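Visitor: Got a predicted structure plus its sequence, pasted below:
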Amino acid sequence: MRRRIFLASALLAASFSAAHAQPHPIEVQDPWARATLGQSRTGAAYLTLSATGPAADRLVAASSPVAAKTELHNHIMVGNVAQMRPVDAIEIAPGSPTLLQPGGLHIMLIDLKAPLQAGTSFPVTLTFEKAGAVTVQVAVRANRPAAPVGHGHTH
Amino acid sequence: MPMPASRLLKTVRLLAVGSILGLGAAWAVHLWVPGDIGTQVTTASIGGPFELVDQNGRTRTQADLKGKFALIYFGFTYCPDACPTALVAMAEALDQIGPLAARVQPVFVTVDPERDTVEHMAAYVAAVDERLWGLTGSAAQVAQAAKAYRVFYRKATPQGGGEYLVDHTSLVYLMGPDGAYRAHFTHETTPERMAESLRKNIGG
Ligand SMILES: [Cu+2]
């Protein structure tokens, strides 16, 4: 409950400051996703968002042709329990980049049409409240880049 | 209320809390029991009997782990974030400890038996690490295994349909060859730290 009130006031503060700002571009850095494992049909994309201007913005939606549904998610730990929950928007404050990374905020790709394979890339369109829409190419990375072929290591 | 009385009460309370904490530290590490916040469980009670089936259709029980160290994680294959992170860290930690890895059985138990069939687990394990046992079973068998390892899980209903997610305890347990708890990690523990703990536990 306390969390929700805090979030509500944070959103309110952000929308107040954004109301007085001009539209501005958002820099999107290092978009990547894990390769899917086995027959899993969900994926997560990560990236870094920076406001290059003096004002805040919000990422309000993401979409991709590779998934039936795309949601903005947060990963929260309650005690030792991992929970993923959709969020309405992701705040981008000037001067401090917003990180979407494993174990935290991410773009959730639901009902993937095909597995995400390492070495490939796919488009994701990000929609910002002020800056509008921008499409980025998300690079798919191997889960184990240096996975050994055999398991017996010799010294 | 008069000051001395309340101060006395506070002192008594502090002493009580202090001695409980002291005893706890002396006896065992305590873990928060998720889903039942406010209570704790001694790590001595983690682990116990289970009967599940691996990715090759073979029955696996607690007895199959006897004499081996085990790294055990509960999760589900549709989990795109915490589960791959934890399982890949387990595999990388094993890579880092060289020949000692032969003494450790990595185990992945699904908390989503409805979707995680033997076939699903086989494809998943093949993509993560062939050493892994990918265990599934009936809803009752999974519930029993989760209970033994004090793992909490619950289906999270999606907004507007689609694939459901499962909230679950995200801990990697290191169990000893005697089946007793040795250490635990989270999905945020680096493979390096996990490897260090493995070396210490296996070596000592
Ligand atoms: Cu998610």
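Guide: Happy to help now that I have it.

Visitor: Give me the residue at the spatial middle of chain A.
Guide: A:His106 (3.1 Å; Cα atoms, centre = their mean).

Visitor: Got phi/psi on B:Ser138?
Guide: With angles defined as degrees, to the nearest 10, B:Ser138 sits at phi -70, psi 170.

Visitor: Settle this for me: it is touching B:Pro113, isn't it.
Guide: Yes. The pair B:Ser138 / B:Pro113 is scored as a contact, 6.5 Å apart, by Cβ atoms under 8 Å. For glycine as for every other residue, the C-beta is placed from the backbone atoms N, C-alpha and C.

Visitor: For those two, indicate the residue with more neighbours.
Guide: Neighbour count, other Cβ atoms under 10 Å in any protein chain shown: between B:Ser138 and B:Pro113, B:Pro113 has more, with 22 against 12.

Visitor: which SS class is that one?
Guide: Of the three states, B:Pro113 takes coil under DSSP: H, G, I helix; E, B strand; the rest coil.

Visitor: Compute the distance between it and chain A, please.
Guide: Plainly put, B:Pro113 is 15 Å away from chain A if you go by Cβ to the nearest Cβ, to the nearest Å.

Visitor: Can you verify my assumption that that residue contacts B:Ala139?
Guide: Yes. Assessed by Cβ under 8 Å, B:Pro113 is found in contact with B:Ala139 at 5.7 Å.

Visitor: Touching the lengthiest strand in chain A from outside, list them.
Guide: If you go by DSSP state E, chain A has its longest strand at strand A:67-78. The contact list for strand A:67-78, computed with Cβ atoms under 8 Å, 6 or more residues apart in numbering or on different chains, reads A:43-44, A:59-64, A:82-90, A:103-113, A:124, B:34, B:37, B:81-82, B:162, B:167, B:170.

Visitor: Neighbouring strands - and their directions - for that strand?
Guide: With DSSP bridges as the test, strand A:67-78 is paired with strand A:81-86 (antiparallel), strand A:106-112 (antiparallel).

Visitor: residues of it that come out buried?
Guide: Neighbour counts over strand A:67-78 (16 or more other Cβ atoms under 10 Å in any protein chain shown) mark A:Ala67, A:Lys69, A:Thr70, A:Glu71, A:Leu72, A:His73, A:His75 as buried.

Visitor: Quick one: name the residues of chain A near the ion.
Guide: Within chain A, the positions lying close to the ion (Cβ under 5 Å from the ion) are A:His73, A:Met84, A:Met108.

Visitor: Reformat those as a markdown table; add distance to A:Ala33.
Guide: A markdown table is the format used below for the residues of chain A next to the ion (distance: Cβ to Cβ, whole Å):
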| residue | distance to A:Ala33 |
| --- | --- |
| A:His73 | 13 |
| A:Met84 | 15 |
| A:Met108 | 11 |
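
Visitor: can you list the residues you listed in TSV and add pLDDT?
Guide: TSV is the format used below for these (pLDDT from 0 to 100):
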residue	pLDDT
A:His73	94
A:Met84	89
A:Met108	95
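
Visitor: Just say helix, strand or coil for B:Glu163.
Guide: On the three-state scheme (three-state DSSP), B:Glu163 is labelled coil.

Visitor: hang on, I meant B:Val125
Guide: Relying on three-state DSSP, one would call B:Val125 helix.

Visitor: didn't it look like it was pressed against B:Pro106?
Guide: No. The pair B:Val125 / B:Pro106 is not scored as a contact, 9.7 Å apart, by Cβ under 8 Å.

Visitor: Residues that sit against both of those two, list them.
Guide: Common contact partners of B:Val125 and B:Pro106 (Cβ under 8 Å, 6+ apart): B:Leu132, B:Trp133.

Visitor: Just list whatever residues bridge to the nearest residue to A:Leu105 once chain neighbours are set aside.
Guide: Among residues not flanking A:Leu105 along the chain, A:Asn74 sits closest, at 5.3 Å (Cβ to Cβ, 6 or more residues apart in numbering or on different chains). When bridges are called by DSSP bridges, A:Asn74 pairs up with A:Arg85.

Visitor: can you count the residues close to B:Val107?
Guide: By the measure other Cβ under 10 Å, the count of residues near B:Val107 is 27.

Visitor: which helices and strands sit right next to the strand or helix carrying it?
Guide: Using DSSP states H and E, B:Val107 falls within strand B:104-110. Applying 3 or more Cβ pairs under 8 Å, 6 or more residues apart in numbering or on different chains; DSSP states H and E, we find strand B:104-110 packed against strand B:69-75, helix B:82-96, helix B:118-128, strand B:133-135, helix B:139-148.

Visitor: And the contacts of the longest one?
Guide: Okay, so that is helix B:82-96. For helix B:82-96, contacts defined as Cβ under 8 Å, 6+ apart pick out A:34, A:37, A:75, A:82, A:102-103, A:143-144, A:147-148, A:151, A:153, B:71, B:73, B:75-77, B:101, B:104, B:106, B:108, B:128-129, B:131-132, B:170, B:172, B:185-192, B:194-195, B:198.

Visitor: and with 7 Å instead?
Guide: Residues external to helix B:82-96 that are found in contact with it (Cβ atoms under 7 Å, 6 or more residues apart in numbering or on different chains): A:34, A:37, A:75, A:82, A:102-103, A:143-144, A:148, B:71, B:73, B:75-76, B:101, B:104, B:106, B:108, B:128-129, B:131, B:170, B:172, B:187, B:189-191, B:194-195, B:198.

Visitor: now do the first one
Guide: The contact list for strand B:69-75, computed with Cβ under 7 Å, 6+ apart, reads B:82-83, B:86-87, B:90, B:103-109, B:111, B:146, B:149, B:151, B:153, B:168-169, B:172-177, B:201-202.
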